Structures are given as C-alpha cells and as structure tokens.
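A.B. asks: Got a sequence here, can you build the structure:
(chains A and B)
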Amino acid sequence: MLYSKLFGKTLNIPIKKYDSINHQLLLKAGYIDQVASGIYTLLPLGKIVIDNIIEIIREELNQISAFEILMPSLHPKIYWEKTGRWENVDVLFKTKSQYGQLYALGPTHEEIVTPLVKKFVNSYKDLPLALYHISNKFRDEPRPKSGILRGREFIMKDLYSFHLTADDLKKYYQKVLGTYLKIFNRLCFFEIKITEASGGTFSDKFSHEFNVLTPSGEVNLFYCSKCSFAQNEEISKLREGSNCPKCHKGEIRFGKAIEIGNIFDLGTRFSQAFDLYVEDRNKKKVFLYMGCYGIGVTRILGALVEVFHDEKGIIWPKTVTPFKTHLIGLNLDDNDTFSRSNKIYQLLVNNSIPTLFDDRTKVSFGKKLTDADLIGIPIQIIISKKNRDKIELKIRKNSKTVFVDESQLLKKISEYYHQE
RNA sequence: CGGAGCGUAGUUCAGAUGGCUAGAACGCACGCUUUGGGAGCGUGAGGUCGUGGGUUCAAGUCCCACCGCUCCGACCA
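C.D. replies: As a prediction, this is how the structure comes out:
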C-alpha cells in the first residue's frame, strides 16, 4: 500500500484533545473517524486491524465446531416481547418504520437465534449445536465514553450454543472458556482476568467476564496477582489483600479493567420463551440448555491501543498489525534512492509481506518517522541516500536498529515475526 | 438523566471590558529551495463565527432557548 494514496492520513491534533488514549491515537493516526458521540467509521487502516482480529476469532471458533451465520440487525418487536425484554432493556434502540411497525436494533441476538434453531433442530441427534456471527450491535447508551471502548454502535462476535442437558452445556461452556483464552492470547492480551460477575438481564446465574487490566477500564474488580482468578466488584465479597480462593494468601488486588468478552449460562430461559425443545431418548420433552458468549471486536481494537502504546504512538502486536512492515523512503528525489525503495517494495510485495510504503516525496524525514511511530507498525524499513546500499531495520517497540543487505532482508523480517 | 467545560477556515486554536474589511499555525494549490526526527521562502484558495430568537446605533463577543462534542456522576444484558 502506498501511503501517498492511502485514504486516512495522520492528523495534527494535540495529544490532550481527548482523555482516552485509544480515542486520541486511533483518530490521530488515521484508523478511525468520529461521526457522532459513540459512532465511528473505520478507516482503511482500522478496518484491516479489525479484520485481523476477526480472523483470529473465526479460526479458533471454527476449531470448536461452531458455524458462522449472519443475522439481521432489525428485530421485529414481537420477538423481544416474547422474552419480556422489549420493555426491560433500557439501552434497547427502538425504531419505527414509515408503515408503523416497531423494531429493535439488535444489541444481542438470543431473540433471533432461538427461533432460528427451532426451525432446524427437531431431534436431540442434532445437538450440540453452536452458531456464531459477527455484526454491528446497537446500544442506546446514555453516555458513550472512552473513544471506541463504549459506543452506541459497535462490532461484536456472539456465539450461541444449544444442548440437551445442563451438563453438556457446562462442558461446552468450559470449552469456550479455553478457546477464549487462546483467542486473547493470540491477540497478545497476556494478562486476562477471568472474572466472576452477575448474569444481568441474560440470566440469574453468574457469568464470566474476560477482563484486560488497565487503568482506563471501567470494570472494577478484585483479582489474584498470581493466577487468572477475579471477581467483579458488584458481586465480590473479597477485599484487597485477602486470600485468593484458588491459590495464595494475601494476593488479592483491586484494579480497573476493560471487559473484552463474556460468557453466560442462559439455562432454558430463552428456549422456554420460544418453545424450543426436543424429545430425548426416553421420549421426554426437554427444553434446550443454552449458552451465549460474546467478544467485543471494536472494543478489542481500543483495548489493544490502551495496552500497547508509548508517548510516540501505537505499537501493534505482531498478530493484528495492519501491515508487517512500514517502508520509509527518504531522499526520494534522488533517482537511485527512489528506484531502490521501489525495488525493495516490490520485493516485499512479491513475497507476500504486507507493506505500507511511505512514498511521499515532499515530506520531511522527521515527519515520516513521526508518522511511522504514530501508526505503530512493528518493523520500520528505512531506505535513504545516506545508508547507500544498506537497509535499515528499526523495531518500533524498542527503537533497536540493524543494518542489513538486501539479501538478508526477508530472513530478518521472518525471524522477527516468528520469534517469541 | 443530573453536574461542569466547550462550539470561530479542512484541522488545532487566538480573538479582555461589544466597535473599522474576522486572524494565526498546520494542512491544501502553484513555484523555488531543501532532505536522518513534525523543513524554509513566496503567491493563492478557503469562514452563513453550531442553530434560532433577543438586547443594542453596533454582537464572534452580552442574554435566552435549542442542537452538538468532551469530561465527572448515575447507568452499563
């Protein structure tokens, strides 16, 4: 990708314009554009990162035999009345067609997926079943905040599972819990706190949140500093400095976190509302046990920036970075340097290394480096007249620089992306 | 939904107690020069001062209402 042609350039806004880091940096670096409070457009760079996040989620969910579908965002009122949630969910966006029909803009999809499954599942032999989809969700938040961490419209992955017995559900719930840890590990959230929380309007049982510890989060929790155990403040009887029920004593801490995922044991609440049942081996009518499992995709984009940045800008983890390398051509007015830069760019492209090439000719070198640091691609490759035939590789994370020959370039990049 | 702050060029902002033709920086267009950490010079384009009402000889500036954004709180399946 040629930076000169890229839609969505870096902006010259002061660093203190917005309180939250993700808002500042994503806006300034050209990943998002704000349409209104809590409503954002993903610019090309942001869209690529989101797609990378989604691909990781998709790969892992397909490993546990979940099918991807896509359900609508317009939900006729009658579906939400059946579960009593038309009136009881105060962040529910409601809209009216010109012909007078009322719809909810889906904040979640139990009301759609349950009747869907009823149409196709007639036997216990069809179970277990797991369906997921990734779509825009809507919440009529009274106050959106913290950039893209809490918006009125956002992308979420939701997975729903259907089981013959509570025990089957419990097993699958644990399986998803493991899969979530894998996903978040691949997304480079290495310190996830699995947090016991309330079930909210989903369920009267407990749920589990997946929380990333960071001061910018809005979840208050008590957690163990030695393991992944945690409890949401709203249900917790733990205190700071008290004993962790799973390991050591005196390891409980208080902290703020961003919730990037959650899982709920729904029991039979929704299957009863929609009369979703099968007959078991003994010809006994059984309402299906359901679980639902969410991951906030847009929120992950924000959380990654909150966790991975420094005073210069974003520092993308290798697994989600929009490009593998950021090629910076200096002295592009010089014919030799220009053709060498283009040659390196072609080399990278031909070897399937996604590269952002800063090919701007009228921009000072300082500006190019500042922009590169802001944008946050892990490896910067600098070609300049001064470097002659050497290629400069600079690691964004620690500013370490090495000079290599063209023949070593691909090997060095590959090494970086495959090391721990 | 309570509280606070803000709304002026594409962007970020300056325009004290009302007063002549509304400014700067960055960005943009053209030209020249320049090139290792946000380059320089010159020329130029770009504004219903959030919207509506009011006070006044005169409103970007004062008053009222509304809209919008940010932050604190409440809320947050």
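A.B. asks: buried sites along the longest strand along chain A?
C.D. replies: Scanning chain A for the longest strand, with DSSP state E as the assignment, gives strand A:252-267. Of the residues in strand A:252-267, A:252-253, A:255, A:257-267 count as buried by neighbour count, 16 or more other C-beta atoms under 10 Å. Any C-beta I mention is one placed from the backbone N, CA and C, and that applies to glycine too.
A.B. asks: And the average pLDDT for stretch A:126-135 is what?
C.D. replies: Stretch A:126-135 carries an average pLDDT of 97.
A.B. asks: Correction: the previous question concerned stretch A:38-49.
C.D. replies: Stretch A:38-49 comes out at a mean pLDDT of 95.
A.B. asks: any idea how far residue A:199 is from residue A:84?
C.D. replies: Taking C-beta to C-beta, to the nearest Å as the measure, residue A:84 falls 15 Å from residue A:199.
A.B. asks: whoops, I mixed them up, residue A:111
C.D. replies: From residue A:111 across to residue A:199, the span is 17 Å (C-beta to C-beta).
A.B. asks: Between those two, which has more neighbouring residues?
C.D. replies: residue A:111 (25 against 17; other C-beta atoms under 10 Å).
A.B. asks: doesn't residue A:77 make contact with that one?
C.D. replies: No: between residue A:111 and residue A:77 no contact is recorded; they are 10.1 Å apart, counting by C-beta atoms under 8 Å.
A.B. asks: list residues touching both of these two?
C.D. replies: Common contacts of residue A:111 and residue A:77 (C-beta atoms under 8 Å, 6 or more residues apart in numbering): residue A:104.
A.B. asks: Contact residues of the stretch 101-250 of chain A facing RNA strand B?
C.D. replies: Contact residues (C-beta under 7 Å from any atom of the strand) of the stretch 101-250 of chain A with RNA strand B: A:107-108, A:137, A:139, A:141-147, A:150, A:199-202, A:207, A:218.
A.B. asks: and the residues you listed, which are buried?
C.D. replies: The buried subset of those - by 16+ other C-beta under 10 Å - is A:107, A:108, A:137, A:139, A:141, A:144, A:146, A:147, A:150, A:199, A:202, A:207.
A.B. asks: so which two of these are the farthest from each other?
C.D. replies: With distance counted by C-beta to C-beta, no two of those lie farther apart than A:147 and A:199, which are 27.8 Å apart.
A.B. asks: What ranges does the stretch 201-350 of chain A have for its helices?
C.D. replies: Counting by DSSP state H, counting those that start in this stretch, the stretch 201-350 of chain A has these helices, from start to end: A:269-273, A:297-307, A:335-350.
A.B. asks: what angle separates the second one from strand A:252-267?
C.D. replies: This points to helix A:297-307. The directions of helix A:297-307 and strand A:252-267 differ by 170 degrees, with axes from the mean of the first three to the mean of the last three C-alpha atoms, to 10 degrees as the criterion.
A.B. asks: residues making contact with helix A:297-307?
C.D. replies: Under the contact criterion C-beta under 8 Å, 6+ apart, helix A:297-307 has outside partners A:20-23, A:25-26, A:31, A:40, A:46, A:49-50, A:53-54, A:57, A:134, A:146-151, A:154-157, A:187-189, A:212, A:214, A:216-217, A:258-260, A:314, A:316-317, A:320.
A.B. asks: 6 Å - rerun?
C.D. replies: Helix A:297-307 has contacts (C-beta atoms under 6 Å, 6 or more residues apart in numbering) with A:21-22, A:25, A:49-50, A:53, A:147-149, A:154-155, A:157, A:212, A:214, A:216, A:258, A:260, A:314.
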